[in-house]
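Engineer: Generate coordinates for the sequence data below:
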Amino acid sequence: MDSHPAAPLRLPSPAVQRALAACVGIALAAVTAATGGAPGFLERSLYDQTVSRLLPAIPPSADLVLVEVDDRALATLGERWPLSRATWARVFQALAAHRPAAVAVDVVFDQPGARDALELGEEVLDALQRLGLLEQPAGAELAADLETRLRARDGDARLAEALSEGHGVILGAAALTEDMPVMQPLEDGALHSPLALPARELKLQARAVAGSIAPLRLAARGSGTLNMLVDGDGVIRRYPYAVGVGDQSWPSLALATALHLMPERAESLRALAAVDHGAPLMRLPAPDWLPRVSLADVLHAAPRSAGLELALRGKTLFVGVTATGLHGQSTLPGQVAVPGVEIHAFALDNLRAGRVMRSMGIVALMGVLETTAVLAAFALLCRRARTLGAVLRWAAALGAAHAALGAGLAAEAGWVIPLVPAWVGLALMLLVDMASRAEDLRRQRGALRRLFIRYPQSAVEPPPRTGAMRQD
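Structural biologist: So this is what the prediction gives:
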């Protein structure tokens with residue numbers, strides 16, 4: 001049998017290879033859009049280290065104040081966390097004296113206070129009444145003194161009174177997900193009116209919502225969930241302004257506070273909170289942008305302290321724990337760790353100023369289309385460019401224009417489009433073009449070499465001179 005050598009494997013044409021490389025970049029952009037928008041696949045480090053730092057920072061706020069349960073407050077009070085209900089009642093009474101605009105509380109009072117002494121006192125009162133001793137002066141005096149002591153010990157009742165006397169106290173609540181411990185869930189309407197948002201489309205979904213005990217919840221002006229979205233690397237880049245529970249949607253602490261402060265903007269606030277399935281990217285503040293007041297100063301300052309009056313009157317107060325080892329440490333882009341209560345504060349500032357950043361939905365689609373346009377333009381220019389230097393210049397120009405467009409959209413419109421997929425596509429197409437040009441050069445050199453081997457004399461001897469006559 002005759003044996004024939006195998007035919008060499010022929011690669012696709014350079015145009016086909018460039019199209020395949022462009023498809024890789026477009027596919028990466030599509031994956032980013034399908035998995036939640038930028039910063040997504042290959043985008044997180046770029047967003048953390050570059051985009052979030054180059055954007056204009058939120059300026060220091062003049063009307064948001066963090067009232068913190070810090071180490072000094074615990075040492076001054078002589079208590080361990082959690083604080084007693086009597087102490088919390090004093091806190092809200094002291095805050096109400098300075099007439100703040102609102103008080104948002106990053107604490108869930110989900111369990112009633114101690115009832116042993118109260119139940120014993122109530123049994124004693126029932127016994128006095130059953131024995132007829134209340135009709136005697138000594139028995140009536142004893143019952144009055146006992147009721148006074150019971151009221152002083154009823155921390156839940158005193159705290160409910162303090163909340164009802166306050167100016168817009170918004171309590172925290174917890175959206176119960178599968179990984180959270182079982183708490184007493186609330187019934188529909190327990191957080192006041194639910195939001196008119198599509199609950200099934202919200203990014204944060206929960207099986208139930210648990211809040212403070214009923215007397216405290218009814219005494220407050222509203223409640224809001226404290227949950228946040230944590231990415232796989234442990235960084236919080238999105239703030240969920242709403243959580244979906246079945247067919248109902250419930251506000252976050254930031255949104256509930258905003259609705260209380262600005263009821264005239266309720267519709268626009270809800271519309272803005274629904275961006276990116278209710279969880280837009282956060283615009284980070286400048287360092288130390290939030291004024292802080294220790295709980296120790298609130299409780300132990302003079303009743304008419306001028307300093308506290310200037311710091312608290314008319315302000316929106318966020319109350320939370322920042323003591324060492326007690327608060328929920330949250331990591332922001334750039335590996336910046338802050339207490340969770342501070343995230344709620346600047347999420348409110350993002351919302352009321354319209355600084356929320358979009359990366360899903362129409363923005364993600366526009367990112368895919370923009371990546372496609374960049375790679376298609378480069379493919380067309382590669383076909384027309386005569387030299388490798390021209391191809392390199394076009395790749396650099398398109399990559400820079402892509403980055404400038406992304407930065408401009410983020411800074412002006414608050415749109416975060418994927419950047420890495422277009423750069424990956426440009427790099428692959430550039431490699432394809434360089435490889436095809438190198439292959440063309442190799443083939444030309446091979447053809448010249450074969451020409452020299454086949455026609456050595458004619459290839460090296462100069463042609464005869466025309467018009468010249470030989471003289472004998």
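Engineer: was I right about residue 196 contacting residue 270?
Structural biologist: Yes - under the contact definition of C-beta atoms under 8 Å, residue 196 touches residue 270, with a separation of 6.5 Å. To be clear about C-beta, it is placed using only N, CA and C from the backbone, and glycine gets the same treatment.
Engineer: Now do stretch 229-249: distance from first to last residue.
Structural biologist: 16 Å (C-alpha to C-alpha, to the nearest Å).
Engineer: Which one of residue 196 and residue 270 is surrounded by more residues?
Structural biologist: For residue 196 and residue 270, the more surrounded residue by other C-beta atoms under 10 Å is residue 270, and the numbers stand at 19 against 11.
Engineer: can you give me the helices for the stretch 351-472 of the chain?
Structural biologist: Using DSSP state H, counting those that start in this stretch, the helices found in the stretch 351-472 of the chain span residues 362-384, 388-408, 420-454, 456-460.
Engineer: Pick the most deeply packed of those.
Structural biologist: Stretch with highest mean neighbour count among the helices of the stretch 351-472 of the chain: helix 362-384 (a mean of 18; mean count of other C-beta atoms under 10 Å).
Engineer: As PDB, could you dump the C-alpha coordinates of that helix?
Structural biologist: Taking Å, rounded to 0.1, in the frame of the first residue of the first chain, the C-alpha atoms of helix 362-384 are listed here in PDB:
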ATOM      1  CA  ILE A 362     -29.800  48.300  31.300                       C
ATOM      2  CA  VAL A 363     -26.400  49.300  32.500                       C
ATOM      3  CA  ALA A 364     -25.100  45.700  32.300                       C
ATOM      4  CA  LEU A 365     -26.600  45.500  28.800                       C
ATOM      5  CA  MET A 366     -25.000  48.700  27.800                       C
ATOM      6  CA  GLY A 367     -21.700  47.400  29.100                       C
ATOM      7  CA  VAL A 368     -21.900  44.300  26.800                       C
ATOM      8  CA  LEU A 369     -22.800  46.500  23.800                       C
ATOM      9  CA  GLU A 370     -20.000  48.900  24.500                       C
ATOM     10  CA  THR A 371     -17.500  46.000  24.700                       C
ATOM     11  CA  THR A 372     -18.800  44.600  21.400                       C
ATOM     12  CA  ALA A 373     -18.400  48.000  19.800                       C
ATOM     13  CA  VAL A 374     -14.800  48.400  21.000                       C
ATOM     14  CA  LEU A 375     -13.800  45.000  19.800                       C
ATOM     15  CA  ALA A 376     -15.600  45.300  16.500                       C
ATOM     16  CA  ALA A 377     -13.800  48.700  15.800                       C
ATOM     17  CA  PHE A 378     -10.500  47.100  16.600                       C
ATOM     18  CA  ALA A 379     -11.200  44.200  14.300                       C
ATOM     19  CA  LEU A 380     -12.000  46.600  11.400                       C
ATOM     20  CA  LEU A 381      -8.800  48.700  12.100                       C
ATOM     21  CA  CYS A 382      -6.700  45.600  12.200                       C
ATOM     22  CA  ARG A 383      -7.700  44.700   8.600                       C
ATOM     23  CA  ARG A 384      -6.800  48.200   7.400                       C
END
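Engineer: Let me have the helices of the stretch 351-472 of the chain in TSV, extended by mean pLDDT and distance to residue 258.
Structural biologist: Shown next, in TSV, are the helices of the stretch 351-472 of the chain (pLDDT from 0 to 100; distance: least, C-beta to C-beta, whole Å):
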stretch	mean pLDDT	distance to residue 258
helix 362-384	93	23
helix 388-408	92	28
helix 420-454	81	34
helix 456-460	55	84
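Engineer: Let me have these in TSV, extended by distance to residue 85.
Structural biologist: TSV is the format used below for those (distance: least, C-beta to C-beta, whole Å):
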stretch	distance to residue 85
helix 362-384	46
helix 388-408	51
helix 420-454	52
helix 456-460	102
